[in-house]
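> here is my input; please provide its structure:
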Amino acid sequence: QEQLVESGGGSVQTGDSLQLSCAASGRIFSSYRMAWFRQAPGNEREFVAGIPESGTRTYYTDSVKGRFTISRDNVKNMLYLQMNSLTPEDTAIYYCAAGAGGDSPDGYDYWGQGTQVTVSS
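Numbers count the residues shown, from 1 in each chain. I've put the predicted structure just below:
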């Protein structure tokens, strides 16, 4: 079974950057579409960014376009999310996910435990 472990979260100030990492184990990482989701208190889990198996295209929710970059390394079985120009609205628990893809959590079968990102003004 695929196992996903996120790291890299933390507490930062507005305008700072963070890079999240997700280490994958188990079945072949390169066979899955990968994504980052986030969930703020009282909100539903929302799609942040996605990347197909090949890594040749990337997808972002509008609020992070131009600030976040998703990437993957199929040799190291790693997924990344580079987050720049962070704002308090980015505060949430961030999850990496693996599965068939799309912008709905229903499209993903495997989830990490989440990593907290807190941005203060």
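> contacts and neighbour counts: CA atoms only from here.
Will do.
> just how off-centre is the host helix or strand of residue 117 within its chain?
According to DSSP states H and E, residue 117 maps onto strand 115-120. With C-alpha atoms, centre = their mean, to the nearest Å as the basis, strand 115-120 stands 13 Å off its chain's centre.
> could you name the helices and strands sitting against that strand?
On a contact count with 3 or more C-alpha pairs under 8 Å, 6 or more residues apart in numbering; DSSP states H and E, strand 115-120 meets strand 10-13, strand 92-99.
> most packed of the ones you listed?
Mean neighbour count (mean count of other C-alpha atoms under 10 Å) peaks for strand 92-99 among these, with a mean of 25.
> who does that one pair up with?
Its sheet considered, strand 92-99 pairs with strand 33-39 (antiparallel), strand 108-111 (antiparallel), strand 115-120 (antiparallel) by DSSP bridges.
> mean confidence score for it?
Mean pLDDT, computed over strand 92-99, is 96.
> looking at it, residue 72 is touching residue 96, isn't it?
No: with contact defined as C-alpha atoms under 8 Å, residue 72 does not count as touching residue 96 (11.6 Å).
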